[in-house]
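Engineer: Got a predicted structure here, sequence first:
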Amino acid sequence: MNIIHRPDWALPESSATPEHVVLNRRSFMGAGIGAGLLASSPAHAQRAEQAADPSAGLYPAQLNPAFREVDRPVTTENVATTYNNFYEFGSHKQIWRAAQALRIRPWEIRIEGMVERPITIAVDDLLKRVSLEERVLRFRCVEAWAMVVPWTGFPMAELLKIANPTSNARYIRFDTFQDTAVAPGQRQFWYPWPYVEGVSMAEAQNPMAMMVTGAYGKPLPRQMGAPIRMMLPWKYGFKSGKSINRITFQAERPKTFWIASGPTEYGFWANVNPAVPHPRWSQASERMLGTDEQRPTLLYNGYAEQVASLYQNMAGEKLYM
Ligand SMILES: Nc1nc2c(c(=O)[nH]1)N[C@H]1C(S)=C(S)[C@@H](COP(=O)(O)O)O[C@H]1N2
Ligand SMILES: [Mo]
């Protein structure tokens, strides 16, 4: 990468958006113009959102002391909420205004597939059945930028208790909403919409796996995947699908958005590993968002103690792409 000592705003679009270079590129200038009228700043958008959110009183949630700050400072909120990957709203980083067009209430989640009984549950009803906590976690994009965010959410294992999967289920598929009326990126037909991600049942039961509904002590902003997203902090960021409205328990490994887009570049497991380069760039170090600081990449993004055992006896699997 040639971007090491340049701030975000100085990046040419070509080096700032490498994740999708496997595909045709085309920018969507103008995608954010209508939505820009709805909100003049992230803070303003967030205040309006809280007014319409019946679960807003759940924030800030109590910090889980097992996940208090690590070895690096929390990324500035304004940086983390204005530099995002959310291809539904454009294949570049400045999508936060465009994302304000997403309607996040009412929001229902369909839980189906290999479960005792399929259900459709409103996100606010789901939040009544779980307990929210805050965790300050490292987050690492495959594009070699990183951040530290105080997320609010609940363990994915609690979702399993609500879903009641049958013993045949081996994987969970998570689908992002699909609505070309609000998400102009979904009109780019060469992408395999909807955005799909997935985990194994064992991964979902690991205490590190979360469902996230808030950040920085507030409900999650739309550009970060409101009202509910995945958070798998030991994996590259693309595994943590946003704005989820369908959860399917199944026997076969889900075909994810990025596997469908570029199977030679993206895999199912995608665990962070400094020693395994991406075909187009090194993973040895990472740039802390909002700074010029480079840090050495950590195996499993520093969470090896918690998750490495998940991947024992998996010879032959590509665990790090
Ligand atoms: N639905 C959806 N989820 C997504 C993406 C996306 O484009 N669409 N991008 C992924 C990628 S590549 C990253 S790095 C993270 C970025 O999360 P953030 O914008 O909250 O930092 O979201 C992931 N989840
Ligand atoms: Mo990413």
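Structural biologist: It's in. Ligands and ions are numbered 1, 2, ... in the order given.
Engineer: Tell me the bridge partners for W145.
Structural biologist: R287 (DSSP bridges).
Engineer: Now do the contacts for it.
Structural biologist: 286-289 (CB atoms under 8 Å, 6 or more residues apart in numbering). For every residue, glycine as well, the C-beta is placed using N, CA and C.
Engineer: Try it again at 7 Å.
Structural biologist: 286-287, 289 (CB atoms under 7 Å, 6 or more residues apart in numbering).
Engineer: How much space separates it from Y236?
Structural biologist: Here W145 is placed at a distance of 11 Å from Y236 (CB to CB, to the nearest Å).
Engineer: per-residue pLDDT, L220?
Structural biologist: Note on L220: pLDDT of 98.
Engineer: just A52 next, same as before
Structural biologist: Looking at A52, its pLDDT stands at 82.
Engineer: Does it touch P106 like I think?
Structural biologist: No: using CB atoms under 7 Å, A52 is not in contact with P106, being 10.5 Å away.
Engineer: and the residue in the chain that ligand 1 sits nearest to, what are its phi and psi?
Structural biologist: Nearest residue of the chain to ligand 1, counting by CB to the nearest ligand atom: G237, 2.7 Å away. Dihedral pair for G237: phi -60, psi -30, per degrees, to the nearest 10.
Engineer: and the residue nearest to the spatial centre of the chain, what does it touch?
Structural biologist: Nearest to the mean C-alpha position of the chain, by CA atoms, centre = their mean, lies S240 at 3.1 Å. Contact analysis of S240 by CB under 7 Å, 6+ apart lists 229-232.
Engineer: In this structure F86 contacts I95, no?
Structural biologist: Yes: here F86 lies in contact with I95, judged by CB under 7 Å, at a distance of 5.1 Å.
Engineer: Show me which of those two is the more surrounded one.
Structural biologist: Set side by side, F86 and I95 show more neighbours around I95, with 27 against 23, by other CB atoms under 10 Å.
Engineer: Need the nearest residue in space to that one, chain neighbours excluded.
Structural biologist: F89 (3.9 Å; CB to CB, 6 or more residues apart in numbering).
Engineer: G217: neighbour count?
Structural biologist: By other CB under 10 Å, 13 other residues sit near G217.
Engineer: where's the nearest residue to E293 once chain neighbours are set aside relative to R140, distance?
Structural biologist: Distances taken as CB to CB, 6+ apart place R287 nearest to E293, at 7.0 Å, with adjacent residues excluded. Going from R287 to R140 by CB to CB gives 11 Å.
Engineer: Can you check which residues contact both of these two?
Structural biologist: A146.
Engineer: Close to ligand 1: what parts of this structure are there?
Structural biologist: 19, 84-88, 141, 176, 195, 224, 237-238, 240-243 (CB under 6 Å from any ligand atom).
Engineer: run the last query once more with 8 Å
Structural biologist: Contact residues (CB under 8 Å from any ligand atom) of the chain with ligand 1: 19, 80, 83-88, 139, 141-143, 147, 149, 176, 185, 194-195, 197, 215, 223-225, 229-230, 236-243, 257-258.
Engineer: Narrow these to those in strands?
Structural biologist: Using DSSP state E, the subset of these located in strands is 139, 147, 149, 176, 197, 215, 229-230.
Engineer: tell me which element F174 falls in.
Structural biologist: strand 171-176 (DSSP states H and E).
Engineer: Please point out which parts of that strand sit buried.
Structural biologist: 171-176 (16 or more other CB atoms under 10 Å).
Engineer: Now pLDDT too, for those, in a markdown table please.
Structural biologist: Listed next are those as a markdown table, based on pLDDT from 0 to 100:
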| residue | pLDDT |
| --- | --- |
| Y171 | 98 |
| I172 | 99 |
| R173 | 99 |
| F174 | 99 |
| D175 | 99 |
| T176 | 99 |
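Engineer: Tell me the one among these nearest to ligand 2.
Structural biologist: T176 (14.1 Å; CB to the ion).
Engineer: Appreciated, that's everything.
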